[in-house]
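Colleague: Quick one: sequence plus predicted model below, questions after.
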Amino acid sequence: MANLEVIPNGKDYKAANHQFKLLFNTATYVKEENVDIPLSVFDFFPIKDILTQTVDTHTMFLFDVIAFLISIDTLEEYYSGIDHKTKLRLMLGDGRGNTVQMVLYDDCASTFAA
């Protein structure tokens, strides 16, 4: 890889729990390699652990959960400035009484609600 930046994975929204992240730009070059990368890799995060997070300890990266779909609200439409947006709230549960709300936005929300 060339023409990219390695920057701290700070307080912003994170896709991974790692100290650094790669910042690509229009000049970034990645040489194609034929490597054996698994199609599915999971690092499951229990719902009960999500519920114990506080403002000081909350998880700021994406994680995988296995859950039952408890309920689906109706598709909500709203405006952000002049942009028309949609969102859909889902309630997920682990079968042990722990539940967490997930929100899908825009195309993902509309597709799921269809």
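Modeller: Good, I have the coordinates.

Colleague: could you point out which element follows the lowest-mean-pLDDT helix or strand in the chain?
Modeller: Using mean pLDDT, DSSP states H and E, the weakest-scoring helix or strand in the chain turns out to be helix 47-51, at a mean of 83. Using DSSP states H and E, the helix or strand that follows helix 47-51 in sequence is strand 68-72.

Colleague: Around the nearest residue to Met102 once chain neighbours are set aside, count how many other residues there are.
Modeller: In space, and not counting its chain neighbours, Met102 is closest to Leu90: 4.7 Å by Cβ to Cβ, 6 or more residues apart in numbering. Any C-beta I mention is one placed from the backbone N, CA and C, and that applies to glycine too. Other residues near Leu90 come to 17 when the count uses other Cβ atoms under 10 Å.

Colleague: How about the one 3 residues further on?
Modeller: One way to gauge burial is a neighbour count; for Gly93, by other Cβ under 10 Å, it gives 15.

Colleague: Could you pull up the contacting residues of it?
Modeller: Residues counted as contacts of Gly93 (Cβ atoms under 8 Å, 6 or more residues apart in numbering) are Ile47, Ala67, Phe68, Ile70, Thr99, Val100.

Colleague: With Ile66 instead?
Modeller: Phe44, Asp94.

Colleague: can you confirm the residue nearest to Met102 is in a helix?
Modeller: No. In this structure, Leu90 is strand, not part of a helix, as judged by DSSP: H, G, I helix; E, B strand; the rest coil.

Colleague: how much space between it and Thr111?
Modeller: Using Cβ to Cβ, to the nearest Å, we find Leu90 at a distance of 13 Å from Thr111.

Colleague: And Val30, by the same measure?
Modeller: Here Val30 is placed at a distance of 29 Å from Thr111 (Cβ to Cβ).

Colleague: quick check: mean pLDDT across the longest helix seen in the chain?
Modeller: Looking across the chain with DSSP state H, the single longest helix is helix 106-113. The pLDDT scores in helix 106-113 average 91.
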